[in-house]
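[1] Here is my input, please return the structure:
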Amino acid sequence: MGSAKKKSEAVQDEIRVLVVDDHPIFRLGVCERIRLIGGQVVLVGEGKNGFEAQTLTGTLSPHIVLMDLNMPGMSGIEATKVIKSEFPDVHIIIISAEEDIRDINSALQAGASGYLLKSVSGLELQEALFTVLAGGSALSPSVAKSLITALRQPTQTAADLSAREIQILEMLSTGSTNKHIGEELFLSTRTVEAHVRKIFQKLGVASRTEAVTTAMHRKLIGHKD
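    Below you'll find the predicted structure:
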């Protein structure tokens, strides 16, 4: 009985990862990085296009899908929309060689929890997996910089956001978790959560990624020049 219970707990503690990319060499490389992480991170499967991503998500029940951006038939963005509509609890991280702000924006709008460049290291990938599972966003440094730059463009409206809410919004755009934001701003996690809820209400969104992309569209800024 005791060993069966331990086995059940171990399975629950697994972080199940699915890798989807149409380039065999890159897919193999990402899979190898996942295997090297080891521990509770488990590679449960791999696919080569968006259609397979949708099917395998249903059959393999991954916690996280690492998805290429540009794939034939169904792109990573299209697959992200489909998967998030069918399996809302699954986290999707786009991994791409493209760094165009329009691609980043489209991926986040589709429901992706992160956007990493294909140059991501094994350690960065490992950190990204745990970050999205903790409710954060996983962004490569240059991707986060692009988002912040877009956020800081001149704007006609600040959606009545307070200075503190703008500050928290900028930290959300870098992938910070509520706990990290609280530590940086000397606020309790509960207070940060309250601020985030207000930001969602004011921007008319339901998630962190939507808040970031909506703010980018409205050209909200952290600090005016």
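[2] Could I get the full set of helices for the protein?
    All helices of the chain, identified by DSSP state H, fall at 2-13, 24-37, 50-60, 76-86, 101-110, 122-133, 141-151, 163-173, 178-185, 189-203, 208-217.
[3] just so I know, which of those lies nearest Ile93?
    Distance to Ile93, taken as Cβ to Cβ, is lowest for helix 122-133 among the helices of the chain, at 6.1 Å. (Glycine included, C-beta is placed from N, CA and C.)
[4] contacts for that closest one?
    With contacts defined as Cβ atoms under 8 Å, 6 or more residues apart in numbering, helix 122-133 is touched by 15, 17, 30, 33-34, 36-37, 41, 63-64, 91, 93, 113-114, 116, 120, 137-138, 140, 175, 177.
[5] Next one: Ser173 from Leu220, what distance?
    Computed with Cβ to Cβ, to the nearest Å, the distance linking Ser173 and Leu220 is 10 Å.
[6] Comparing those two, which residue is more hemmed in?
    Ranked by neighbour count (other Cβ atoms under 10 Å), Ser173 and Leu220 place Ser173 first, with 28 against 25.
[7] The more buried one against Leu147, yeah?
    Yes: counting by Cβ atoms under 8 Å, Leu147 is a contact partner of Ser173 at 4.8 Å.
[8] Quickly list what's touching both of the two.
    By Cβ under 8 Å, 6+ apart, Ser173 and Leu147 have these common neighbours: 139, 212, 216.
[9] Make a PyMOL selection of whichever of these turn out to be buried.
    PyMOL command restricting those to the buried ones, with burial defined by 16 or more other Cβ atoms under 10 Å:
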select buried, resi 139+212+216
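[10] Could you dump the shared contacts of Ser173 and Leu147 into a markdown table and include pLDDT and distance to Leu203?
    Shown next, in a markdown table, are the shared contacts of Ser173 and Leu147 (pLDDT from 0 to 100; distance: Cβ to Cβ, whole Å):
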| residue | pLDDT | distance to Leu203 |
| --- | --- | --- |
| Leu139 | 89 | 19 |
| Val212 | 82 | 10 |
| Met216 | 74 | 11 |
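[11] what's the closest of the shared contacts of Ser173 and Leu147 to Arg102?
    Nearest member of the shared contacts of Ser173 and Leu147 to Arg102, counting by Cβ to Cβ, is Met216, at 10.7 Å.
[12] So Lys118 sits against Ile93, correct?
    No: under the criterion of Cβ under 8 Å, Lys118 is not in contact with Ile93, lying 12.0 Å apart.
[13] Those two - which one has more neighbours?
    Counted by other Cβ under 10 Å, Lys118 and Ile93 do not tie: Ile93 has more neighbours, with 25 against 16.
[14] which residues does the more buried one contact?
    Counting by Cβ under 8 Å, 6+ apart, Ile93 touches 64-67, 112-116, 128-129, 132, 138.
[15] Now with 10 Å, please.
    Residues in contact with Ile93 (Cβ atoms under 10 Å, 6 or more residues apart in numbering) are 17, 64-67, 80, 107, 112-116, 120, 125, 128-129, 131-132, 137-139.
[16] give me the low-pLDDT residue ranges for this structure?
    Within the chain, the segments meeting pLDDT under 70 span 1-12, 150-159, 221-225.
[17] Repeat the analysis, applying 50 as the threshold.
    The model of the chain has pLDDT under 50 over residues 1-11, 155-158, 221-225.
[18] ok, now how distant is the residue nearest the centre of it from Gly38?
    By Cα atoms, centre = their mean, the chain has its centre lying nearest to Ser113, at 1.8 Å. Applying Cβ to Cβ, the value for Ser113 to Gly38 is 22 Å.
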